[in-house]
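Asks: Pasting the sequence and the predicted model now:
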Amino acid sequence: MKGLIHSAVLISMILLNGCASATTPAPPILTPLPTDTPVPTSTPAPTPTATQTPTPAPTLSPMEFSQKAGPLCEAAFSSSDANLQEVSAPLVYLFQYEYAEDGQWGVVNNFFHPAEAVAEADVNAVVCVRASRQRMFSYTDGAPGYQLTWNIRLISWPDGSVIGSNTFRGDRPPAIKYGSGPEYGRSPQDKLNQWVYDHLTNKTFFYTGDRVSELAFSPNGQMLVAAKGLRYNVSYEGSSFDMAISVWNVATMEVLHILHGHTKEVNWLPISPNGKLLASSDSDCNLKVWDLATGELLKSFDGRGCNSEFSPSKWSRTSVSASATKGASGAGPPSPW
């Protein structure tokens, strides 16, 4: 009996201990949750690519071209003269100076830049210039004063046939020189370039033969007017003081008129609003009014107009006014006639 009671007590204690254990569970083991921070990975280095070097445009080698074209120029002067009819740009200028020690033919760049070839494959013609000089006098220090003469043969490229010939003389040397050594008159470059320009079949530019001091378009854009600027070396004998004004047809590039009369640099070229009249005034304030259609000089005002401009006229003819005009004052602007 006692044994049974002891067993029951043990069982009861075990059950009580199990219940007590069930009411106090063990603390859970915390596992960290995943975060949004990406795991760093190695980035492969970019594969280098070869840089594409642009192919340079072919250019004309002056030395190589001189070696090719020099014999053709030499042969051209053994041929008979030819009357130039037309020539197509681009061109190359080759010079031979008879008074130089070597007497070799050589390319001269930037001689007539708008018409010159950049690459040998573009060349259509070669201007062969044989330059000579003539001693005109001696200065007080014994140095000579020379005048230049250029003998020209224009040949087609690459066959070398002569398509034109001419001779141009430069200006006489100046009466007074500065510094030591010989002095030369102005070269005939303008004359040569004008001759070439007049016969170009593919003109892409306008040419006056000298500096340009002022430009103006007609109101309808059909005519371009350009005034020739003052030469830097007007002290040379034979140099021109004629500051001519050129009028072109823009569409055909034809010279319509060459207007003569100014001897000073022309700085103003206003055109009347109706496009019929052109006014020109120079650095001495000499004002001239021209008929733009015919090129006729209509009126001159000596020393009476600088910075000239046309004003809309209520009169039968367009009137011109100037900041320095000495005209009578009245209700309307003074008529130039």
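Replies: Received it, and whenever you're ready, just let me know what you need. This one's a predicted model, so the numbers in the text were calculated from it and none came from an experiment.
Asks: Quick check: phi and psi at the closest residue to residue 212 other than its chain neighbours.
Replies: Nearest non-adjacent residue to residue 212, counting by C-beta to C-beta, 6 or more residues apart in numbering: residue 226, 5.2 Å away. Heads up, the C-betas are built off the backbone N, CA and C, glycines and all. Dihedral pair for residue 226: phi -140, psi 140, per degrees, to the nearest 10.
Asks: Double-check residue 226 against residue 208; I have them as touching.
Replies: Yes. Between residue 226 and residue 208 there is a contact under C-beta atoms under 8 Å: 5.5 Å.
Asks: What about residue 279, how many residues nearby?
Replies: 26 (other C-beta atoms under 10 Å).
Asks: a helix runs through residue 210, doesn't it?
Replies: No. Using DSSP: H, G, I helix; E, B strand; the rest coil, the assignment for residue 210 is coil, not a helix.
Asks: Sketch out the low-pLDDT regions of the stretch 101-250 of the chain for me.
Replies: Scanning the stretch 101-250 of the chain with the threshold set as pLDDT under 70 gives 230-240.
Asks: Helices of the stretch 151-300 of the chain, residue ranges please.
Replies: For the stretch 151-300 of the chain, the helices defined by DSSP state H, counting those that start in this stretch cover 189-198.
Asks: How about the contacts made by residue 262?
Replies: By C-beta atoms under 8 Å, 6 or more residues apart in numbering, residue 262 lies in contact with 227, 242, 243, 244, 245, 280, 282, 286, 288.
Asks: next one: phi and psi at the residue positioned nearest the centre of the chain?
Replies: Nearest residue to the geometric centre of the chain (C-alpha atoms, centre = their mean): residue 114, 8.0 Å. The phi/psi pair for residue 114 (degrees, to the nearest 10) reads phi -60, psi -20.
Asks: residues touching it, list them.
Replies: Contacts for residue 114 (C-beta under 8 Å, 6+ apart) come out as 89, 204, 205, 207.
Asks: repeat that with 6 Å
Replies: By C-beta atoms under 6 Å, 6 or more residues apart in numbering, residue 114 lies in contact with residue 205.
Asks: any idea how far residue 83 is from it?
Replies: Residue 114 sits 25 Å away from residue 83, going by C-beta to C-beta, to the nearest Å.
Asks: tell me, what's touching residue 226 and residue 208 both at once?
Replies: Counting by C-beta under 6 Å, 6+ apart, the common neighbours of residue 226 and residue 208 are residue 246.
Asks: now the strands: where do they sit in the stretch 101-250 of the chain?
Replies: Counting by DSSP state E, counting those that start in this stretch, one finds strands in the stretch 101-250 of the chain at the ranges 106-107, 125-138, 144-156, 162-169, 183-184, 212-217, 223-228, 245-249.
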